[in-house]
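Engineer: quick one, what's the 3D model for this:
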Amino acid sequence: MPPVVEFQTQIKAPAEQVFAYIANLEKHPEWTHCSEITKTSDGPVGVGTWYNSVGKNLGMTTREKVEITECQPNQRFAWRAHGAMGMDFDWSFEVKPQDGGTLLIERLQPPAGPLANILWMLFAQRETRKGVPEGLAKIKQKLESS
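Structural biologist: This next block holds a predicted model:
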């Protein structure tokens, strides 16, 4: 299994504001490869809530089913993206008040399995190491300018 990939940024905004923004999956197209993400389950948003996601990965249109797997307000938010060929990506954010602002930590657990490992090493790892820091920079810019 590939190791967890971690990125972080310091944001000059309160943890509550940072958490509210990153935990709203329908805002993710503002800073990720997703062009659309739509809630598909009924009821309030929380663990077990499902979404459909459409985006561009490696030049291809991708469709994923997304499930919120953890939600600890103002601390931690996690989801699993059920992608093509049975590959699941586990994403999470940790929100930590720090130095008058917030340390935002984003983590990705790439999928396991022989095919997934090959695809990760050949293609997805490079795109992730480029795209995630770009996304964090967009989050930082958005929250520091509001």
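Engineer: need the longest strand for the chain.
Structural biologist: strand 60-72 (DSSP state E).
Engineer: give the next helix or strand downstream of that strand.
Structural biologist: strand 76-82 (DSSP states H and E).
Engineer: give me the angle between that following strand and strand 60-72.
Structural biologist: 150 degrees (axes from the mean of the first three to the mean of the last three CA atoms, to 10 degrees).
Engineer: which residues touch strand 76-82?
Structural biologist: For strand 76-82, the external contacting residues (CB atoms under 8 Å, 6 or more residues apart in numbering) are 19, 22-23, 25, 53, 64-71, 88-95. Quick note: C-beta positions are derived from backbone N, CA and C, even for glycine.
Engineer: all strands of the protein, in order?
Structural biologist: For the chain, the strands defined by DSSP E cover 5-11, 34-39, 50-57, 60-72, 76-82, 88-98, 101-109.
Engineer: now mean neighbour count too, for those, in CSV please.
Structural biologist: Converted to CSV, the strands of the chain look like this (neighbours: other CB atoms under 10 Å):
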stretch, mean neighbour count
strand 5-11, 16
strand 34-39, 16
strand 50-57, 17
strand 60-72, 15
strand 76-82, 19
strand 88-98, 18
strand 101-109, 19
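Engineer: got these as TSV, with distance to K130 and mean pLDDT columns?
Structural biologist: Formatted as TSV, these follow (distance: least, CB to CB, whole Å; pLDDT from 0 to 100):
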stretch	distance to K130	mean pLDDT
strand 5-11	11	95
strand 34-39	16	94
strand 50-57	12	90
strand 60-72	16	93
strand 76-82	18	95
strand 88-98	16	95
strand 101-109	13	96
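Engineer: out of those strands, nearest to S145?
Structural biologist: Nearest to S145, of all these, is strand 5-11, at 11.0 Å by CB to CB.
Engineer: how far off strand 101-109 does that closest one point, in degrees?
Structural biologist: Using the same axes, to 10 degrees: strand 5-11 against strand 101-109 is 160 degrees.
Engineer: can I get strand 5-11 as PDB, trimmed to CA atoms?
Structural biologist: Extracted in PDB, the C-alpha atoms of strand 5-11 (Å, rounded to 0.1, in the frame of the first residue of the first chain):
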ATOM      1  CA  VAL A   5       0.600  11.700   1.300                       C
ATOM      2  CA  GLU A   6       0.400  14.800   3.400                       C
ATOM      3  CA  PHE A   7       0.400  18.600   2.600                       C
ATOM      4  CA  GLN A   8      -0.200  21.600   4.800                       C
ATOM      5  CA  THR A   9      -0.600  25.300   4.900                       C
ATOM      6  CA  GLN A  10      -1.100  28.000   7.500                       C
ATOM      7  CA  ILE A  11      -4.200  30.200   7.000                       C
END
